[in-house]
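Colleague: here is the input, now give the coordinates:
(2 chains)
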Amino acid sequence: DAMVIQNPRYQVTQFGKPVTLSCSQTLNHNVMYWYQQKSSQAPKLLFHYYDKDFNNEADTPDNFQSRRPNTSFCFLDIRSPGLGDAAMYLCATSRDRDRVFNEQFFGPGTRLTVL
Amino acid sequence: GIQVEQSPPDLILQEGANSTLRCNFSDSVNNLQWFHQNPWGQLINLFYIPSGTKQNGRLSATTVATERYSLLYISSSQTTDSGVYFCAVRSNDYKLSFGAGTTVTVRA
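Modeller: Model prediction:
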């Protein structure tokens, strides 16, 4: 089945130690998104890639970076995690950004703990 | 940006009961999605429904775009229906704007 995969499902890191979260998709979608979701809150968009074009949200901290080496994979890098970065990180894809093909599909998420 | 309001914020049901969740939005939309977030945190797509009515098993949804609201119906609820239900909409830009969610607890 076509799907969005995230690894690892659970990640523990230390304060200030860089961490990378991974997302892959078999849907061959053009757009990949990264969301941060804290406890009892709605997901918050960090950035997205439209093909190779990177689009950062204005309020995303510089501590968060992303890479998309090919259509299938997208990575979230947190350069110096703080305690406030502990959250669920959700990857999503959509076929396109236009009015017709913009349905988003989510992966299972990576729950990040910062010690 | 577009505002999304979901009601009620919390809902407690006895197994077998029916319920209706509501989503109001402040502007015209070209995407409306309903999600179920399970206890493990995964967002599961329920419906892509910018307008009209759809049904999938015990769940159905209706969006009245001209009146800027959507309803999610859960019939014969089961304990596995527990979790948070999110409504998310997209207006003229690429972003999905999420409501605050409705937390549903189904008791056996």
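Colleague: and chain B, is the helix or strand hosting A:Y49 touching that?
Modeller: Assigned by DSSP states H and E, A:Y49 falls within strand A:44-50. Yes: judged by Cβ under 8 Å from any Cβ of the partner chain, strand A:44-50 and chain B are in contact via A:L45, A:H48, A:Y50. C-beta coordinates here come from the backbone N, C-alpha and C atoms, glycine included.
Colleague: which of those sits closest to B:Q3?
Modeller: A:L45 (16.0 Å; Cβ to Cβ).
Colleague: I'd say the closest one and B:D93 touch.
Modeller: No: using Cβ atoms under 8 Å, A:L45 is not in contact with B:D93, being 10.7 Å away.
Colleague: more neighbours, the two?
Modeller: With neighbours defined as other Cβ atoms under 10 Å in any protein chain shown, A:L45 and B:D93 compare such that A:L45 has more, 21 against 10.
Colleague: and the average pLDDT for the helix or strand containing B:F86 is what?
Modeller: Under the criterion of DSSP H and E, B:F86 resides in strand B:83-90. Mean per-residue pLDDT for strand B:83-90: 96.
Colleague: just checking, next helix/strand downstream of it?
Modeller: Immediately after strand B:83-90, counting by DSSP H and E, sits strand B:97-98.
Colleague: thought A:V114 was touching A:N63?
Modeller: No: at 11.7 Å, A:V114 and A:N63 do not qualify as touching, with contact defined as Cβ under 8 Å.
Colleague: returning to what we had before: can you list the strands that the strand holding A:Y49 pairs with?
Modeller: Strands adjacent to strand A:44-50 in the sheet, as given by DSSP bridges, are strand A:31-37 (antiparallel), strand A:53-56 (antiparallel).
Colleague: and those strands: which comes nearest A:A86?
Modeller: strand A:31-37 (10.1 Å).
Colleague: check contacts around the residue most central in space within chain A.
Modeller: In chain A, the residue lying closest to the centroid (Cα atoms, centre = their mean) is A:W34, at 2.7 Å. A:W34 makes contact with A:C23, A:L45, A:L46, A:F47, A:H48, A:F64, A:S66, A:C74, A:L76, A:Y89, A:L90, A:C91, according to Cβ atoms under 8 Å, 6 or more residues apart in numbering or on different chains.
Colleague: 7 Å instead?
Modeller: A:L46, A:F47, A:S66, A:L76, A:Y89, A:C91 (Cβ atoms under 7 Å, 6 or more residues apart in numbering or on different chains).
Colleague: repeat that for A:Q25.
Modeller: With contact set as Cβ under 7 Å, 6+ apart, A:Q25 has these partners: A:V4, A:M32, A:S72, A:T93.
Colleague: against A:V4, how distant is the third one?
Modeller: In this case it means A:S72. 10 Å (Cβ to Cβ, to the nearest Å).
Colleague: which one of these two has more residues nearby?
Modeller: A:V4 (22 against 16).
Colleague: and that one, how far from chain B?
Modeller: For A:V4, the distance to chain B equals 10 Å [Cβ to the nearest Cβ, to the nearest Å].
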